[in-house]
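In: just the structure for this:
(chains A and B)
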2 protein chains.
Amino acid sequence: MHVDSVAGIPEVRPGDDVAELVADRTELRAGDVVCVASTIVSKAEGRQADLGDFPASERAREIAAHLSEVAGEEKDPRFAQAVLEESDELLMEAPFLLSATRFGHVTVNAGIDRSNVPDADLLLLPEDPAASARRLHEDLGVPVVVTDTSGRPFRHGQRGVALGWAGMVANRDWRGETDRDGRELGVTVQSVVDELAAAANLVTGEGDGGTPVAVVRDWSFGDHAGHDDLFRDPETDFVRQALREWEF
Amino acid sequence: MHVDSVAGIPEVRPGDDVAELVADRTELRAGDVVCVASTIVSKAEGRQADLGDFPASERAREIAAHLSEVAGEEKDPRFAQAVLEESDELLMEAPFLLSATRFGHVTVNAGIDRSNVPDADLLLLPEDPAASARRLHEDLGVPVVVTDTSGRPFRHGQRGVALGWAGMVANRDWRGETDRDGRELGVTVQSVVDELAAAANLVTGEGDGGTPVAVVRDWSFGDHAGHDDLFRDPETDFVRQALREWEF
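Out: Next comes the predicted model:
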C-alpha cells in the first residue's frame, strides 16, 4: 500500500472545484482511494461563518456561562449557539461541548474549526459529507473518503477519521470468516474508511507545509462482505447513553 | 509512505523469537517502523491461558450472572475472572465488560482473545506491551509499534491501535505551530502510533491469508515536538468518569 500526499493544492475558496484541484495534480488510476480533508470540502462549499451569524439563544447563553465558570475564562455564547445549530444532540456541556452532528459524527464542538479559516471566524464541517464524497467520487471516478481529525475517549490525541465516503463501503465484515485453524475470528467488523483516514493523516498534516489530500494506492478492500454502518445507533451506543445521564 | 505486510510469518509458539521471525523475512532500513500484532507477541511470551486457570471469585460469579441475564445465554464466570485479573478498573459490567488493562488501555474484555489460539482457550494481551516493544526495538534496530484491534465509542467497527511502542514517541505535538496564515492550529496532539497501527491493519488482516506484521517505509515523524501520553489519565477522562457512575 502506498499513501502519497498531493502537493500544491492552493488555498480553497467558496465555489472552487475540489475534484479539479486534485485531478490536476495527480494521475488517478483504478484502485486508488482519494482522501480529502473536510476543511477544503467545507471551504469549497462555503461553510465559512462568523460568530455574528449565530445570535445566542437563552440555551446557548446558559451553556456558555457554565463553560466560562468551569474554564475560568469567558466563553462566547455565539460559539455555543453555532455548536447547537450544527448538532443533533449535545452529549456533554462541560468541561467542553461534545455533540453528535446532524450526520451522526460524535466530536467536540460539532467539529467547528476556529483555525485555518482566512476571512472568517469559523469553518463548519460539510453539511452532508456523504453527499460531498459522492460528488467528488463522480468527478474523480475512484473511491473518495472525506476525512477529519478528531479526539476520542480513553486515548489522548487526535487521529484521522472518515466523515463521508463514496465508491466503497465503510467496513470490512469478517463475520463468518475463520482463522488459520478454522476458529471464528474475534474481530468482526473492521472500519477501513477510518483506517484509510488515519493513514492519510500521517502524510497530510496540519502545518503550513501540510497538504489536505492524499491518495492511497495498491490497496484493496479484498474479497470480504462489507457495510456502511460507521456511526453507531444512539440507542445501542452505551457510552452515549452514559454521557446523557452524566453531569460534570 | 509505503506500508507492506511481511509474508510467511509462521504460527508463533511460546519462546519463539519474534524479532528473528521478522528480520528473516524483510530487509529493514533506517527510517522503517515495524508494526507487530500483539497476538504474536502474546503467543511468543506464553500468554496463552485456559479458563481453568481462572477459578471464579464471588465477584466474577456476580458479573457473569448479570451478563448472562442481559445476554439471554450462559456466560462463563471464569472468563469474567480472567478479565478482572487483567484489569486495573472495570468501567462497564453490562451489556459487555469494558475495562482498563493494567497498562492503561481501555477495551472490551481486557483485550482477551478467544479466537486464533491453538491449544488454549484464551490469549491474553502482552503483560507490558511497552516492554515488549522495547525488546523488539533493541533487536530490530528500528522503531516498533505493538498493535491490536479495538472497538470504540460512537463509531462502529474496530480499527488498529497501538498498545506499546519503542524507538519513537506516540504523538506529534503541534502546539505552538501555525497554519499558512499564521493562525494557531486547531489540532494540537496527533496520535501517530495509533495512525501507524491503523495503516498497518489495512494490510495485515485477520483471516487465514492474514499476516501479523507490517513495515511502514518512507514515512517520517518530522520536525515536531512529541510526547508519549497515549492513554488518558483516568482523572481527566470524562467519559471514563461518566461510565463509572452509569449502570446498564
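
In: any regions of chain A where pLDDT drops low?
Out: A:116, A:179-187, A:205-209 (pLDDT under 70).

In: and it, what are its domains?
Out: According to automatic domain parsing, chain A comprises the domains A:1-47+A:126-241, A:48-125.

In: make TSV from those and add distance to chain B and mean neighbour count to it.
Out: C-beta: built from backbone N, CA, C; applies to glycine. Shown next, in TSV, are the domains of chain A (distance: least, Cβ to the nearest Cβ, whole Å; neighbours: other Cβ atoms under 10 Å in any protein chain shown):
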stretch	distance to chain B	mean neighbour count
domain A:1-47+A:126-241	3	20
domain A:48-125	4	18
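
In: got JSON lines for the ones you listed, with distance to residue B:190 too?
Out: As requested, the domains of chain A are exported to JSON lines (distance: least, Cβ to Cβ, whole Å):
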{"stretch": "domain A:1-47+A:126-241", "distance to residue B:190": "6"}
{"stretch": "domain A:48-125", "distance to residue B:190": "14"}
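
In: for chain A, which segments count as helices?
Out: Along chain A, the stretches classed as helices by DSSP state H are A:18-23, A:38-44, A:58-71, A:77-86, A:129-140, A:192-203, A:238-245.

In: check what contacts the shortest one and list those residues.
Out: Okay, so that is helix A:18-23. Under the contact criterion Cβ atoms under 8 Å, 6 or more residues apart in numbering or on different chains, helix A:18-23 has outside partners A:6, A:9-10, A:12, A:28, A:34, A:36, A:40-41, A:44, A:135-136, A:139-140, A:213.

In: now the strands for chain A?
Out: Here chain A has its strands, by DSSP state E, at A:2-5, A:33-37, A:48-49, A:87-92, A:98-101, A:106-108, A:122-123, A:144-150, A:159-166, A:171-173, A:189-191, A:213-217, A:225-227.

In: will you turn these into CSV that also has distance to residue A:130?
Out: Formatted as CSV, the strands of chain A follow (distance: least, Cβ to Cβ, whole Å):
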stretch, distance to residue A:130
strand A:2-5, 23
strand A:33-37, 13
strand A:48-49, 21
strand A:87-92, 15
strand A:98-101, 12
strand A:106-108, 16
strand A:122-123, 19
strand A:144-150, 8
strand A:159-166, 4
strand A:171-173, 15
strand A:189-191, 15
strand A:213-217, 18
strand A:225-227, 14
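
In: what sits up against stretch A:62-79?
Out: Contact partners of stretch A:62-79, identified using Cβ under 8 Å, 6+ apart, comprise A:51-52, A:54-56, A:60-61, A:80, A:84, A:90, A:93-97, A:109, A:112, A:122, A:248.

In: can you do 7 Å?
Out: For stretch A:62-79, the surrounding residues in contact (Cβ atoms under 7 Å, 6 or more residues apart in numbering or on different chains) are A:51, A:54-56, A:60-61, A:80, A:93-95, A:248.

In: ok, stretch A:193-210 next?
Out: Here stretch A:193-210 makes contact (Cβ under 7 Å, 6+ apart) with A:3-5, A:33, A:35, A:37, A:145, A:147, A:149, A:159-162, A:165, A:170, A:211-212, A:214, A:216, A:230, B:1, B:155, B:159-160, B:174, B:177-180, B:185, B:187, B:192, B:194-196, B:198-199, B:201-202, B:219.

In: just to revisit the earlier point, and of the strands of chain A, who's closest to residue B:240?
Out: Of all those, strand A:87-92 sits nearest to residue B:240, with 12.7 Å by Cβ to Cβ.

In: tell me the strands beside the closest one, with direction?
Out: strand A:98-101 (antiparallel) (DSSP bridges).

In: for the partner strand, give me every contacting residue.
Out: A:83, A:86-92, A:106, A:108, A:110-111, A:125.

In: redo that, cut-off 10 Å
Out: Here strand A:98-101 makes contact (Cβ atoms under 10 Å, 6 or more residues apart in numbering or on different chains) with A:83-84, A:86-93, A:105-112, A:124-127, A:129, A:151, A:153, A:163, A:231-232, A:234, A:237, A:240, A:243, B:154, B:238-239.

In: with distance to residue B:16 as added columns, please give the helices of chain A in a markdown table.
Out: Rendered in a markdown table, the data for the helices of chain A read as follows (distance: least, Cβ to Cβ, whole Å):
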| stretch | distance to residue B:16 |
| --- | --- |
| helix A:18-23 | 46 |
| helix A:38-44 | 44 |
| helix A:58-71 | 52 |
| helix A:77-86 | 52 |
| helix A:129-140 | 44 |
| helix A:192-203 | 28 |
| helix A:238-245 | 37 |
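
In: may I have the beta-bridge partners of the closest residue to residue A:89 other than its chain neighbours?
Out: Nearest non-adjacent residue to residue A:89, counting by Cβ to Cβ, 6 or more residues apart in numbering or on different chains: residue A:100, 4.8 Å away. Under DSSP bridges, the beta-bridge partners of residue A:100 are residue A:89, residue A:106.

In: quick check: the gap between residue A:100 and residue A:62.
Out: According to Cβ to Cβ, to the nearest Å, residue A:100 and residue A:62 sit 20 Å apart.

In: ok, back up a step: check the contacts of stretch A:62-79 and tell me the two furthest apart.
Out: The widest separation within these (Cβ to Cβ) is 26.2 Å, between A:55 and A:248.

In: distance between the ends of stretch A:69-81?
Out: End-to-end span of stretch A:69-81 (Cα to Cα, to the nearest Å): 17 Å.

In: swap that for stretch A:224-240, please
Out: Stretch A:224-240 stretches 30 Å from its first residue to its last (Cα to Cα).

In: and if you look at stretch A:103-122?
Out: Using Cα to Cα, the two ends of stretch A:103-122 sit 19 Å apart.

In: next one: it to chain centre, how far?
Out: Taking Cα atoms, centre = their mean, to the nearest Å, one finds the center of stretch A:103-122 at 10 Å from the center of the full chain.

In: go on, stretch A:142-162?
Out: Taking Cα atoms, centre = their mean, one finds stretch A:142-162 lying 6 Å from the centre of the chain it belongs to.
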